[in-house]
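S.K.: Sharing a model prediction with you, sequence too.
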Amino acid sequence: MNENIIKIDNLKVYFPIRRGIFLQTFGYIKAIDGINIEINKNQDISVVGESGSGKTTLGKSMVGLIKPTGGKILYNFNGKTFDMSKQLPIDVRQSIQMIFQDPFSSLNPRLKIIDTLKEPLEIRKLFRSKKEMIDYLGELLEKVGLKREHLYRYPHEFSGGQRQRISIVRAISMKPNVIVLDEPTSSLDVSVQSQVLNLLQDIKKEYNLTYVFITHNISVAKYMGQKIIVMYLGKIVEINDADKLIEKPFHPYTQLLLSTVVEIKSEHAEKEVKIGEPPSPVNIPSGCRFRTRCPFAMEICAKKDPPLSDHEGSLVACHLYSNQKKEISVNNS
Ligand SMILES: Nc1ncnc2c1ncn2[C@@H]1O[C@H](COP(=O)(O)OP(=O)(O)OP(=O)(O)O)[C@@H](O)[C@H]1O
Ligand SMILES: [Mg+2]
């Protein structure tokens, strides 16, 4: 059954740029600039894009850590719909968790692991006794390949991979339905990365979780998600099933991301997409925001922002595949 668990409706997150002694607003960084996503229960989504494309901002908005400038994030918890920008009951808030890139950020260096882990559980009063709670946390630590006695150690006594395992315990201890994972393995050694990814896959199945997996690595995106969302400067440029997107990327930006890892099969692949630098999110180009780096840019690309539309089963925001392009070539012929 295709039950919607998260529905993002025209989300915008703008950060004001303030300067001067009175901190006047000089403009806005448009970190998220109007995006729509529907996530079904147990349908894992990967979000890919270069640095600054708005992935973390999207993730934090999903778990309610950032309030949207516009639009809504609706979350379906046990059949009831909640607006993530509002004050939520504790069980609803804890049912959508986030794991961060740097496992230090979720572990207080001054607290023993037990003290970090018990805090959110005590708020919920889920256990009849302290012993019951400690047993529960010890079991979870064993599940992620650590030991019960690790509860009484401090974060600095663990390696990066072990700390990330503790962050995973912290997230799953609250019995969530959804976990947003923001580059959870990119700070780890390559050899440890795949172990943690495999652990995350096992945990997902065991706890019936829905993952939103944020990464800049399209191969990791494919491994972790059934669907891939490609973001560029605060907008979605392409969405498709992971294997189809990798097999046949349509958007020139998706081709660019893929060109570093696989050979691209595309009708437009004969022109190489240059890596280059993304423009500043303060001065976003008119029309299509990718046009300044796009080898296929046409006149219309500077004038009109291409909407996401269906092309051979993929949702692509590019004039190469839109009706306008077809109209132009008919007029020119
Ligand atoms: N709190 C903030 N205040 C001002 N600007 C911000 C804030 N958070 C993010 N930004 C800006 O918003 C844009 C998107 O940032 P975000 O961190 O979401 O990107 P990202 O895709 O996660 O990048 P990375 O891959 O480097 O983690 C960037 O230009 C960033 O500088
Ligand atoms: Mg980020």
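M.R.: Received the coordinates, thanks. Keep in mind that what you see is a predicted model, and the values were worked out from it rather than measured. Ligands and ions are numbered 1, 2, ... in the order given.
S.K.: What are the boundaries of the helices in the chain?
M.R.: Taking DSSP state H, the helices of the chain run over residues 55-62, 90-94, 113-124, 130-143, 160-173, 190-207, 218-224, 242-247, 252-259, 299-303, 323-332.
S.K.: I figured Arg165 hits Val196, correct?
M.R.: Yes. Using CB atoms under 8 Å, Arg165 is in contact with Val196, at 7.1 Å. Bear in mind the C-beta positions are built from the backbone N, C-alpha and C, glycine included.
S.K.: what does this structure put close to ligand 1?
M.R.: Taking CB under 6 Å from any ligand atom as the contact definition, the chain meets ligand 1 at 15, 29, 31, 49, 51-57, 216, 281.
S.K.: Now the weakest link among the helices of the chain, please, by mean pLDDT.
M.R.: Note on the helices of the chain: helix 323-332 shows the lowest mean pLDDT, a mean of 47.
S.K.: Can I get the helices of the chain in JSON lines including mean neighbour count?
M.R.: Shown next, in JSON lines, are the helices of the chain (neighbours: other CB atoms under 10 Å):
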{"stretch": "helix 55-62", "mean neighbour count": "23"}
{"stretch": "helix 90-94", "mean neighbour count": "16"}
{"stretch": "helix 113-124", "mean neighbour count": "17"}
{"stretch": "helix 130-143", "mean neighbour count": "15"}
{"stretch": "helix 160-173", "mean neighbour count": "22"}
{"stretch": "helix 190-207", "mean neighbour count": "15"}
{"stretch": "helix 218-224", "mean neighbour count": "21"}
{"stretch": "helix 242-247", "mean neighbour count": "18"}
{"stretch": "helix 252-259", "mean neighbour count": "24"}
{"stretch": "helix 299-303", "mean neighbour count": "15"}
{"stretch": "helix 323-332", "mean neighbour count": "11"}
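S.K.: Distance to Glu38 added to these, as JSON lines?
M.R.: Below are those laid out as JSON lines (distance: least, CB to CB, whole Å):
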{"stretch": "helix 55-62", "distance to Glu38": "13"}
{"stretch": "helix 90-94", "distance to Glu38": "19"}
{"stretch": "helix 113-124", "distance to Glu38": "28"}
{"stretch": "helix 130-143", "distance to Glu38": "31"}
{"stretch": "helix 160-173", "distance to Glu38": "23"}
{"stretch": "helix 190-207", "distance to Glu38": "20"}
{"stretch": "helix 218-224", "distance to Glu38": "18"}
{"stretch": "helix 242-247", "distance to Glu38": "16"}
{"stretch": "helix 252-259", "distance to Glu38": "20"}
{"stretch": "helix 299-303", "distance to Glu38": "27"}
{"stretch": "helix 323-332", "distance to Glu38": "24"}
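S.K.: out of those, which comes closest to Gln101?
M.R.: helix 55-62 (8.3 Å; CB to CB).
S.K.: what residues does that closest one touch?
M.R.: Helix 55-62 is contacted from outside by 6, 8, 11, 13, 31-32, 35, 47-49, 66-68, 73, 84, 96, 98, 178, 180, 182, 212, 214, 216, 231, using CB atoms under 8 Å, 6 or more residues apart in numbering.
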